[in-house]
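When you get a sec, could you give me coordinates for this:
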Amino acid sequence: MSIRPVLETRKAKATMEGAGVHLHRAFGFHDPTELDPFLLFDDFRNENPADYAQGFPWHPHRGIETITYVLAGEVEHGDSLGNQGRLGAGDVQWMTAGSGILHQEMPKGNAKGQMHGFQLWANLPSSLKMTAPRYQDVTAPDIPVVVDDDGTAVRVIVGAFWGKRGPVDGIAADPQYLDISVPPGVKKTFPVDTYRRSFAYVFEGAGAFADASTPEGVLLEKEVAGQEVNIRDLSGNRTLIRFGTGDEVTVQAGPEGIRFLLISGAPIAEPVAWHGPIVMNTKDELRTAMADLRNGTFIKPAH
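Just a heads-up that it's a prediction; the model follows:
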C-alpha cells in the first residue's frame, strides 16, 4: 500500500455564475489534464437568499455530465425535454448532457435561508459526446451510509466502498464520489484505485492529509510577521486537496473533526475544446455546437 502524496492544496475562489449566484470555485476553466476526467467543481453554499435567488436560468450543456449534490435547501430543475423535479437536502442528480440539453436550476433556501450544495462537471469521452441526454435523480434515503467502529461515516454516492455501492451508475468517468465524516482526533485511511485521479474537498472542520514524505501533515508556505515560513497546517473549510498517485489517502482529523468529499475517476486522456458549458474534443466540434444553438438544432431528436 502507498499513501498518495499531496500535490497541492488551495482555497476555493469566490465567483459569480448564472444570474448572479455567489459561489466558490475549487477548480474550473483550468488545465483540463490536471484532474481529468473532472473539469469543474463549484461550492454553492450560501446563507443569504439575495445571493442565490436568481439561480441559473436556461442554459445549454453538451459533451459533459454534471453532478449536483444538495446539503440544505432545494434546487428546482427543468429542461428542454420536459423533465422537471426538485432536489432536496441529501439528494443527488447526475445529468448526462450528451448531445445537448437546455436546462435551468433554481435554488431555494430552507427555513434558515441556507442553500448548500456542490456541482461537479465530468468530461465525456469522444465516443459518448453525442449520446442521448439522461438524468439520474437519487433521494437521500437511497444513498447508503457506512459507519466504522471509530465513528467514521461515509455516504457512498457513486462507486463501491466498504461493501456498499452507490445508487448512481453507468457514468463514463467510472467515478467514486464519497461524503466522509471523521470524528475529532481520529486518523483514518481510505483506499483509492491506483489508476484514478483523485481530490478531496473539505467543507466542515479541518484535518491534515498525510503526505508520503510528511505523514504528520501538509507542508504549507505561510506569511508570519512579514516573512514566508514553512509550517504544518490543517486543511479547513473550502480547501481543495489534489493527490498524486498511490492507492490510499490518509487524514488526521482536527479537534472539531472533518467532513470532506473524496472524489476519483479514470482519466479520459483526450483533447479538450471548451467553451463555457460545452466541452468537445476539437474547435470544429465547438463551432458546430454554437451553430446548432443559433440554428435551433442543438436539441437532437430521440432515436
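
From Gln119, how far off is Leu39?
As judged by CB to CB, to the nearest Å, Leu39 and Gln119 stand 11 Å apart. Every C-beta, even on glycine, is put in place using the N, C-alpha and C of the backbone.

where does this protein dip in pLDDT?
Along the chain, segments meeting pLDDT under 70 span 211-233, 302-303.

one more time with 50
Applying pLDDT under 50 to the chain flags residues 212-225, 229-232.

Nearest residue to the middle of it?
Computing the C-alpha centroid of the chain and ranking residues by CA atoms, centre = their mean puts Leu120 first, at 3.3 Å.

I'd guessed Trp142 sits against Gly166; true?
Rather than Trp, residue 142 is Asp. No. Using CB atoms under 8 Å, Asp142 is not in contact with Gly166, being 9.2 Å away.

Compare the two (neighbour count), which wins?
Higher neighbour count among Asp142 and Gly166: Gly166, with 21 against 13, using other CB atoms under 10 Å.

ok, now which ones touch that one?
Gly166 sits next to Ile143, Pro144, Val156, Ile157, Val158, Gly159, Ala160, Tyr177 when contact means CB atoms under 8 Å, 6 or more residues apart in numbering.

I'd like those as CSV, with distance to Lys11, secondary structure and neighbour count appended.
Listed next are these as CSV, based on distance: CB to CB, whole Å; DSSP: H, G, I helix; E, B strand; the rest coil; neighbours: other CB atoms under 10 Å:
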residue, distance to Lys11, secondary structure, neighbour count
Ile143, 28, coil, 20
Pro144, 31, coil, 16
Val156, 27, strand, 23
Ile157, 24, strand, 23
Val158, 25, strand, 27
Gly159, 27, coil, 21
Ala160, 31, strand, 10
Tyr177, 22, strand, 26
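
biggest separation within the residues you listed, which pair?
Ile143 and Ala160 (13.4 Å; CB to CB).

for the residue nearest to the centre of the chain, what are its contacts?
Phe38, Leu40, Phe41, Asp42, Thr66, Ile67, Tyr69, Tyr177, Ile263.

Looking at those, state which has the most neighbours.
Ile263 (28 neighbours).

ok, so what distance separates that residue from Thr288?
The gap separating Ile263 from Thr288 is 31 Å, by CB to CB.

Please apply the same query to Val192.
In terms of CB to CB, Val192 sits 37 Å off from Thr288.

Those two: which is more packed in?
The neighbour comparison of Val192 against Thr288 (other CB under 10 Å) goes to Val192, with 23 against 14.

quick one: contacts for that one?
Arg4, Gln176, Ser198, Phe243, Gly246, Asp247, Glu248, Val249, Leu262, Ser264.

cool, Gly90 as well?
Val70, Leu71, Thr139, Ala140, Ile143.

so which of those residues comes closest to Pro301?
Nearest member of the contacts of Gly90 to Pro301, counting by CB to CB, is Thr139, at 30.6 Å.

Could you list which residues are in contact with that closest one?
Counting by CB under 8 Å, 6+ apart, Thr139 has contacts Gly88, Gly90, Asp91.

Of those residues, which is the nearest to Phe29?
The shortest gap between Phe29 and any of the contacts of Thr139 belongs to Asp91, at 27.0 Å (CB to CB).

Tell me who's in contact with the closest one.
Taking CB under 8 Å, 6+ apart, one finds Tyr69, Val70, Asp137, Val138, Thr139, Ala140 in contact with Asp91.

what's the nearest residue to the third one if we skip its chain neighbours?
Distances taken as CB to CB, 6 or more residues apart in numbering put Gln93 closest to Asp137, at 5.1 Å, once the chain neighbours are dropped.

and the one you found, how far is that from Gly100?
From Gln93 to Gly100 the distance is 18 Å (CB to CB).

Ok, Phe161 next?
Distance from Phe161 to Gly100, by CB to CB: 33 Å.

Over to Ala269?
To Gly100, Ala269 is 24 Å away according to CB to CB.

Over to Ala122?
Distance, Ala122 to Gly100, using CB to CB: 16 Å.
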